[in-house]
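Chemist: Fold the following.
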Amino acid sequence: MTTAIGSYATLAALKSRLKITDTADDSELSATCDAVNAYIEGPQACNRVVAPIASAVYVLDGDGSRVLRYPRGIRSVSLLEVAQYTGGAYQAIPAGDFFLRPSAALRQPGWPATRLEMTNIPHAFFAYFPFGYDTVRVTMETGWDAIPDDVTDVALTAATRAWASSQAGQADIVGTDEMGKPLVSRFFSSRDMGTLRAYSQNLP
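Modeler: Residues are numbered from 1 along each chain as shown. Got it, this is the predicted structure:
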């Protein structure tokens, strides 16, 4: 079963919206939240994580150009290293020799950058991302600064609809997939899907 990284619908927020104060249904409510969160990050909706992701090391392929694209989103980079060829030793790139782009001034508020660019200064330590497999190693924070409010609202609305349907005796409408995971796709309206697709990204 796929587990989402972002907590768009949470048990506490869903219970607050439903005015539920006891814990009798926490297991089922949590399963509904999990299903909604996984759907939001899946290919049917955003096809990316629209939430903060902690710093981690990513190993990527260079293409010999000055630009390294990472459409899932980059918040910050603490270390950039490159190897001159596949299997080569990594060398750290000075922080002043690469930039996050688009610049913060050109992004929607809260949105991450989508690419790294090497400086065009001729005396730079390294002027391109070497062509090859795993020639770039980046330690970075990815995803959004925070989960956007409209995504949270869409998630809680879908979870609320799914729960109301199950409580109305329509368990067959809610249903589960082959892994026993609740099916929630039908509880996203066209308007809400439009909101999610505004955050979507075509990813490999």
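
Chemist: okay, CA-based contacts and neighbour counts for the rest of this
Modeler: Noted.

Chemist: So D145 sits against G73, correct?
Modeler: No. Between D145 and G73 there is no contact, the gap being 10.3 Å when judged by C-alpha atoms under 8 Å.

Chemist: Give me the more crowded residue out of the two.
Modeler: Per other C-alpha atoms under 10 Å, whichever of D145 and G73 has more neighbours is G73, with 22 against 17.

Chemist: Now the phi/psi pair for the more buried one, please.
Modeler: phi 110, psi 130 (degrees, to the nearest 10).

Chemist: does the most centrally placed residue in the chain sit in a helix, a strand or a coil?
Modeler: The residue lying closest to the centre of the chain (C-alpha atoms, centre = their mean) is V49, at 1.1 Å. Here V49 is recorded as coil under DSSP: H, G, I helix; E, B strand; the rest coil.

Chemist: I121 now?
Modeler: Look at I121: counting by three-state DSSP, its state is coil.

Chemist: Show me the helices in the protein, by range?
Modeler: Remark: helices assigned in the chain by DSSP state H are 11-18, 26-41, 149-167, 171-174, 190-197.

Chemist: Now the second one: buried residues?
Modeler: By neighbour count on 16 or more other C-alpha atoms under 10 Å, the buried set for helix 26-41 is 29-41.

Chemist: circling back to that earlier point, relative to G6, how far out is the nearest residue to the residue nearest to the centre of the chain once chain neighbours are set aside?
Modeler: Using C-alpha to C-alpha, 6 or more residues apart in numbering and skipping residues adjacent in sequence, the residue nearest V49 is E41, 5.5 Å away. E41 is 8 Å from G6, where distance means C-alpha to C-alpha, to the nearest Å.
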